[in-house]
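Peer 1: Here is my input, please return the structure:
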Amino acid sequence: MINGTLNRLTRDEQALLLEVLFSQRYALDLVSVEIADIENGSKPTDELVYKRLIALYDKLIDEI
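Peer 2: Numbers count the residues shown, from 1 in each chain. The predicted model follows:
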């Protein structure tokens, strides 16, 4: 589903969506919830994805 939606958006629309996610701090919230879901076992994933999410969270926190 995400790939289909993403493919229908223009590059400008994708950039605008990211800008909104960052400006409203939703990006940080989404990453935080994703990590919490993985840590409490409600969302299975592999170790690489988990580590990438942690690194992304740290980078987002540093920008705030």
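Peer 1: Contacts for stretch 57-64, please.
Peer 2: The contact list for stretch 57-64, computed with CB atoms under 8 Å, 6 or more residues apart in numbering, reads Arg25, Ala27, Leu28, Val31, Ser32, Ile35. Bear in mind the C-beta positions are built from the backbone N, C-alpha and C, glycine included.
Peer 1: Make sure the second one is actually in contact with Leu21.
Peer 2: To tie it back to what came earlier, the one meant is Ala27. Yes. Using CB atoms under 8 Å, Ala27 makes contact with Leu21 at a distance of 4.3 Å.
Peer 1: just for this structure, where's the confidence low?
Peer 2: Along the chain, the parts satisfying pLDDT under 70 run over 1-3.
Peer 1: May I ask which helix or strand encompasses Lys43?
Peer 2: Secondary structure from DSSP states H and E places Lys43 outside every helix and strand.
Peer 1: so how far is Leu53 from the residue nearest to it when sequence neighbours are not counted?
Peer 2: Closest residue to Lys43 apart from its sequence neighbours, by CB to CB, 6 or more residues apart in numbering: Asp37 at 3.8 Å. To Leu53, Asp37 is 10 Å away according to CB to CB, to the nearest Å.
Peer 1: Counting neighbours, go ahead and name the busier of those two.
Peer 2: The neighbour count for Asp37 versus Leu53, taken as other CB atoms under 10 Å, is higher for Leu53 (16 against 13).
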